[in-house]
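S.K.: Build me a structure from this.
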Amino acid sequence: MSYTDNKFPADCVPAVFDNCTVTHMYGEDPYHLALLDTVVRVSGHMEYDRLRLESYAQTDVFLVCFSVVSPASFEHVKEKWVSEVSHHCPGVPFLIVETQIDLREDVQVTERLSRQGQRPVTTEQGERLVRELGATGYVECSALTRQGVKNVFDEVR
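M.R.: Model (predicted):
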C-alpha cells in the first residue's frame, strides 16, 4: 500500500487481503481511513469471494481500481466490481481509480499490448466509464511515481 508507506514497495508479495488504518488530513480536518486491498487474482475462489463480500460491511466508499495497461481489468470494473458493490452495498459511493499511469507511454508495455491487439486504457475511456456507471469521481495515479496517489484519498472525503 504505497499511500500508507509513502513509497513504492520494493518487494511486494501480494496477500489475499492487505489492510491498514491511516489518518488522512484534508486541509485541517483528519479523516480516519480503514483500507482493505483485495487481490484480484484470488477472485473466483468461493472462499475468498465470501471473505471479500464480508469485508464490505460498514464501507463508506469504494475505490474500484483498474490498470491502465490491463484492458481486461478495465472491463472487470463494469462486468464484475461495480455490479457487485452496487448489489451488496446499494447507495454507497464509489470512485474509479486508474492505476499504473506511469506505464501508459512505456514503449515495451505498449508494444506488448499491441502484439495482443490491445492498447493502454485512455483517460477518455476512464472518464466515459465514470459517467456510464455513475461513479462519484475518477482519479489516475501511479504508485511507482506517486503521481496522483494523494488525489485518490482527497477525492474520498
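
S.K.: Residue 26 versus the closest residue in space to residue 133 that isn't next to it in sequence, what's the distance?
M.R.: Closest residue to residue 133 apart from its sequence neighbours, by CB to CB, 6 or more residues apart in numbering: residue 82 at 5.2 Å. Quick note: C-beta positions are derived from backbone N, CA and C, even for glycine. As judged by CB to CB, to the nearest Å, residue 82 and residue 26 stand 25 Å apart.

S.K.: what about the two, which has more around it?
M.R.: Between residue 82 and residue 26, residue 82 has the larger neighbour count (other CB atoms under 10 Å), namely 20 against 13.

S.K.: What segments of the chain are strands?
M.R.: Taking DSSP state E, the strands of the chain run over residues 17-26, 29-38, 62-67, 94-99, 137-140.

S.K.: Tell me which of those lies nearest to residue 115.
M.R.: Between residue 115 and the strands of the chain, the shortest gap by CB to CB is with strand 62-67, which sits at 17.4 Å.

S.K.: angle of the closest one against strand 94-99?
M.R.: Comparing the axes of strand 62-67 and strand 94-99 via axes from the mean of the first three to the mean of the last three CA atoms, to 10 degrees yields an angle of 30 degrees.
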